[in-house]
Structure formats: structure tokens, C-alpha cells
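Novice: only the shape, not the letters, is given here:
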């Protein structure tokens with residue numbers, strides 16, 4: 001696959017995808033994808049990450065077959081809770097055998 005300059009793609013409203021594995025930054029394994037999701041799209045992802053992968057074609061060459069629960073910062077004292085309307089950055093690490101590890105963090109703007 002020809003390598004390209006890192007560039008965000010808008011897969012759908014509220015779903016931005018950066019496929020680092022298609023760039024010189026991360027040309028092979030693990031296949032790293034970064035998502036910028038609205039709160040609604042993050043909820044959709046959390047409900048069924050495998051369906052989300054198929055719907056938005058996060059890994060068109062080799063779809064996910066298993067994905068870990070998304071690791072997220074805990075809600076703790078003195079840390080403001082996540083508000084409605086918050087965006088989420090999600091990092092996916094796709095290893096061999098279509099296994100994926102996930103981490104997510106909320107932020108205020110995209």
C-alpha cells in the first residue's frame with residue numbers, strides 16, 4: 001500500500017479517522033488508528049466496537065475480530081466529570097490476528 005501524509009478523514013459527521021498505519025509514521029504493525037468522536041458517536045462505539053468498525057471501515061484491509069474494553073480516565077474527586085457535548089479521542093492498536101486494544105480520553109473541543 002502506498003504511504004501517504006497523515007491526514008484526518010471524515011468517515012461521517014462526528015467521526016474523524018487518522019490511519020497512522022498508512023503513513024511513514026507507522027507503516028506496518030501494530031496498525032494504529034486515532035479517532036475523534038462526538039459524545040454520541042463514542043457511545044455508539046462503546047455499545048458495539050466491532051459493528052462500529054464495520055460501519056465506518058476503520059480497518060478496511062483487516063477488520064477487527066476482537067477488541068478490549070476501552071481504557072478511560074476514572075472519574076475521581078477534584079476532577080470535573082465528563083460533560084455532555086464532549087469529544088473523545090480514541091486510540092486503537094490493531095495487532096496480529098485482528099485483536100485490538102483501545103484507550104479513550106475526553107476533551108472539550110475537536
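Specialist: Okay, I see it. Remember, it's a predicted structure, so these values are computed and weren't measured experimentally. Numbers count the residues shown, from 1 in each chain.
Novice: shouldn't residue 17 be within a strand?
Specialist: Yes: counting by DSSP: H, G, I helix; E, B strand; the rest coil, residue 17 is located in a strand.
Novice: tell me how many other residues surround it.
Specialist: Burial of residue 17 is recorded as 20 neighbouring residues (other C-beta atoms under 10 Å). C-beta coordinates here come from the backbone N, C-alpha and C atoms, glycine included.
Novice: the protein: strands as residue ranges?
Specialist: Along the chain, the segments classed as strands by DSSP state E run 9-12, 15-19, 31-37, 66-67, 87-94, 99-107.
Novice: and stretch 46-59, how far out from the chain middle?
Specialist: Its chain's average C-alpha position is 9 Å from that of stretch 46-59, according to C-alpha atoms, centre = their mean, to the nearest Å.
Novice: do the same with stretch 91-106
Specialist: Counting by C-alpha atoms, centre = their mean, stretch 91-106 is centred 8 Å from the centre of its parent chain.
Novice: please apply the same query to stretch 6-26.
Specialist: Stretch 6-26 has its average C-alpha position 10 Å from the chain's average C-alpha position, going by C-alpha atoms, centre = their mean.
Novice: next, the buried residues of that stretch.
Specialist: The neighbour-count check on stretch 6-26 (16 or more other C-beta atoms under 10 Å) flags 14-22, 26 as buried.
Novice: with stretch 92-110 instead?
Specialist: Buried residues in stretch 92-110 (16+ other C-beta under 10 Å): 92-94, 98, 100-102, 104, 106.
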